[in-house]
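In: sequence and predicted structure below; questions after.
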Amino acid sequence: MTKIETVSIIYEHPRILLGMKKKRFGRGKYNGFGGRVENGESLEHGVIRETLEESGLSILNPERNGQILFHFMSDEPDHLVHFFRATKFYGDLRESDEMVPRWFHIDEIPYDNMWADDRYWLPLLLKGQKFVGDFQFDLQLKIARYELKEVDRL
């Protein structure tokens with residue numbers, strides 16, 4: 001069974017907002033905000049809801065920039081993740097049960113403390129480029145193989 005998920009990257013040039021995952025899958029890594037899309041929920045509503053729950057911020061008009069299918073050689077199910085860039089938002093930034101939010105200058109993105117795939121797709125997202133991809137992770141959660149391409153539309 002494939003999990004359908006969303007991730008938002010809040011981008012306010014020259015900085016981005018990431019969150020340190022506090023529990024479950026991905027714990028200890030910086031990532032965008034997001035998670036599972038609920039039954040009957042659109043991708044946009046899912047990413048808006050998850051971002052608010054995890055950061056305290058409401059994102060406005062998130063732009064869908066990418067889609068990647070992640071495969072794991074472990075018993076972790078596949079994840080089909082839809083990536084959104086948000087440049088307009090409001091609210092009070094706060095830590096949640098799942099994430100500790102932190103702003104980073106785009107020249108200081110903590111790639112060494114993120115998923116290995118982020119260094120491939122995140123620069124595309126920050127430029128506003130659309131992309132599709134497929135990543136496979138080995139048992140040590142290192143990239144075993146990948147394909148990533150820029151596209152005109154999703």
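Out: Received the coordinates, thanks.

In: switch to C-alpha atoms for all contacts and neighbour counts from now on
Out: Fine.

In: ok, the helix or strand bottoming out on mean pLDDT in the chain: who's next to it in the sheet?
Out: One helix or strand of the chain scores below all others by mean pLDDT, DSSP states H and E: strand 33-36, with a mean of 93. With DSSP bridges as the test, strand 33-36 is paired with strand 3-12 (antiparallel).

In: next structured bit after the partner strand?
Out: Under the assignment DSSP states H and E, the closest C-terminal helix or strand after strand 3-12 is strand 15-21.

In: parallel or antiparallel, list what pairs with that next one.
Out: Counting by DSSP bridges, the strands paired with strand 15-21 are strand 3-12 (antiparallel), strand 30-31 (antiparallel), strand 99-105 (antiparallel).

In: pick the most buried one from the ones you listed.
Out: Of all these, strand 30-31 has the most neighbours on average by mean count of other C-alpha atoms under 10 Å, namely a mean of 24.

In: got the contact list for residue 63?
Out: Going by C-alpha atoms under 8 Å, 6 or more residues apart in numbering, residue 63 touches 84-86.

In: show me what it bridges to in the sheet.
Out: Beta-bridge pairing for residue 63 (DSSP bridges): residue 85.

In: if we can go back for a sec, which one of the strands paired with strand 15-21 lies nearest to residue 65?
Out: Checking these against residue 65 by C-alpha to C-alpha gives strand 3-12 as the closest, at 9.8 Å.

In: shouldn't residue 46 be within a helix?
Out: Yes - Residue 46 forms part of a helix when assessed by DSSP: H, G, I helix; E, B strand; the rest coil.

In: neighbours of it, how many?
Out: Neighbourhood size, residue 46 [other C-alpha atoms under 10 Å]: 21.

In: list the contacts of the residue nearest to it when sequence neighbours are not counted.
Out: Spatial nearest neighbour of residue 46, chain neighbours left out: residue 37 (5.2 Å); criterion: C-alpha to C-alpha, 6 or more residues apart in numbering. Listed by C-alpha under 8 Å, 6+ apart, the contact partners of residue 37 are 4-6, 43, 46-47.

In: switch the cut-off to 10 Å
Out: The contact partners of residue 37, by C-alpha atoms under 10 Å, 6 or more residues apart in numbering, come to 3-6, 43-47, 49-50, 81.

In: alright, I will stop here.
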